[in-house]
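K.L.:
Pasted the sequence and its predicted model underneath.
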There are 2 protein chains.
Amino acid sequence: MGRRILVVDDEPDILELTRLSLVREGYEVETAATGEEALACLRRSRPDLVVLDLMLPDRPGTDVCRVIRTTPELSDVAVIMLTARGDEVDRIVGFELGADDYVTKPFSPRELGLRVKAILRRGVEEKTESEHLKQHGLELDLSRHRCLHRDEEIALTAKEFLLLAALMRRPGRVLTRERLLEEVWGEGIAVTLRTVDTHMKRLREKLGPAGDLIDTVRGVGYRFRE
Amino acid sequence: MGRRILVVDDEPDILELTRLSLVREGYEVETAATGEEALACLRRSRPDLVVLDLMLPDRPGTDVCRVIRTTPELSDVAVIMLTARGDEVDRIVGFELGADDYVTKPFSPRELGLRVKAILRRGVEEKTESEHLKQHGLELDLSRHRCLHRDEEIALTAKEFLLLAALMRRPGRVLTRERLLEEVWGEGIAVTLRTVDTHMKRLREKLGPAGDLIDTVRGVGYRFRE
DNA sequence: TCACATCGTCACCGAATCGTCACATTTCCT
DNA sequence: AGGAAATGTGACGATTCGGTGACGATGTGA
């Protein structure tokens, strides 16, 4: 669980020091010096937590944070902001921006380590509910948006992933196309029912042999093998 | 679906911040500052969930929670308690009070949002959990759309399944062809009455020995053995 | 900007399912 | 027993349903 961290700061020294201290505490650490770099890395490797400097060369850290929170695939990533003074803390943490915590510069590695640990632990607690589905060798990591079959990664698109998640959340239960549309696409969205079929086909295709785990119940809907 | 939330807290700031963050996540939110207000609002607008501070000016939140749980019309409302420390958690969430979850102050809106989402989802699932009919070794699971006879699966078509369900829902009672048409095919559908006979035949055939459980009541209709 | 991935829709096909009919059988009545 | 009415049964054509491949629109990263 929660192990991978991205550190974003434009000062090479701070970046390196932070990286080292976190690595020493057992985390996998990546680094980025700009907001763009950071976003690219986020999309690529989906870390569990981002330590984000408020001041970056290309765009403010607040901006990056906002992008993270408004991107569905990233919204589970925890964010710790690095800020010069404790001023705008209220705005940063939580409300307007949705960061999970902040640390004022200058900070000791130990302090950061403690915050990181606390945040990640909280994250784990939240996620233990059912963010991880596992059935018949098929594994879905909801928070990380990943799908494994016999430990081999299967690349799914957003819709395919949500579709599979909806089915796997209630194994054995038949879900009508209407229900699936509602759950995956959202309520009141105007999409043909048959669209579900198409996505189901693509999903089965990608799942390969595991595609058989999805049953078609003629005249009713689809169901995941119990 | 679960959308409406009541937030109860006596601190205006927290109240407003919480309200905002929940509204932003797409919920309809009402607020109350006292226990009495909260109960009034509950009775009036029946929200799906209450976020309830433990400390209120007029009466403890635990008290409010107890009232909710012991009022039949309100017992479906989910409750999330806000508490200062993780101390009395067991008592709160467990049997004594019957809250569904708790969040310790201070909390980030994100954290609360996640809890809310989880709780509401759970509620929906429980309510959708549907019938399971079982008679004379014949078993019908509506939500899974499965039919078992002595633990052996019997594959039924949609119509056959609905027909059998209609009969099994009222064992011993005779259902006319008209009634069955209405129930299985829907009202105002133009289908010959004799169509029911045909489906009944196919159904009995598939049920094998259990087919005898369906009696024909000459001149009236069909009935499932009591 | 371009290439590429994703998504929604459509049209077509084969197969499962359905509805109806004609005929056989049973039941009930006189 | 004889006949009428109701139900069982088998066959057949019609319809529905889901799988599938293709296409165009849209969005997104390089």
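P.N.:
Nice, I can see it.
K.L.:
Quick check: phi and psi at whichever residue of chain A sits closest to DNA strand D.
P.N.:
The nearest approach of chain A to DNA strand D comes at A:T216, 3.7 Å away (CB to the nearest atom of the strand). Just so you know, the C-beta spots here come from the backbone N, C-alpha and C atoms, and that holds for glycine as well. Main-chain torsions, A:T216, degrees, to the nearest 10: phi -100, psi 130.
K.L.:
nearest spatial neighbour of it, skipping sequence neighbours?
P.N.:
Leaving out its chain neighbours, the residue that sits closest to A:T216 by CB to CB, 6 or more residues apart in numbering or on different chains is A:Y222, at 6.0 Å.
K.L.:
roughly how far is the helix or strand hosting the one you found from the heart of the chain?
P.N.:
For A:Y222, the element it lies in under DSSP states H and E is strand A:221-224. From the chain centre to the centre of strand A:221-224 is a distance of 26 Å (CA atoms, centre = their mean, to the nearest Å).
K.L.:
Can you give me the buried ones in it?
P.N.:
By 16 or more other CB atoms under 10 Å in any protein chain shown, the buried positions in strand A:221-224 come out as A:G221, A:Y222, A:R223, A:F224.
K.L.:
Take the residues you listed and lay them out in JSON lines including pLDDT.
P.N.:
Formatted as JSON lines, the buried residues of strand A:221-224 follow (pLDDT from 0 to 100):
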{"residue": "A:G221", "pLDDT": "96"}
{"residue": "A:Y222", "pLDDT": "97"}
{"residue": "A:R223", "pLDDT": "96"}
{"residue": "A:F224", "pLDDT": "96"}
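K.L.:
wait, which of these is closest to B:K134?
P.N.:
A:R223 (20.2 Å; CB to CB).
K.L.:
Which residues of chain A lie near DNA strand C?
P.N.:
A:155, A:157-160, A:185, A:190-192, A:194-195, A:198-199, A:218-219 (CB under 7 Å from any atom of the strand).
K.L.:
ranking these by neighbours, who comes first?
P.N.:
When neighbours are counted by other CB atoms under 10 Å in any protein chain shown, A:E160 leads the residues of chain A next to DNA strand C with 21 neighbours.
K.L.:
Next up, identify which helix or strand the closest residue to that residue other than its chain neighbours is on.
P.N.:
In space, A:E160 comes closest to A:L203 once its chain neighbours are excluded; the distance is 4.6 Å by CB to CB, 6+ apart. Following DSSP H and E, one finds A:L203 within helix A:194-207.
K.L.:
Distance to DNA strand D added to the buried residues of strand A:221-224, as JSON lines?
P.N.:
Shown next, in JSON lines, are those (distance: CB to the nearest atom of the strand, whole Å):
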{"residue": "A:G221", "distance to DNA strand D": "7"}
{"residue": "A:Y222", "distance to DNA strand D": "8"}
{"residue": "A:R223", "distance to DNA strand D": "11"}
{"residue": "A:F224", "distance to DNA strand D": "13"}
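K.L.:
I'm done for today, thanks for sticking with me.
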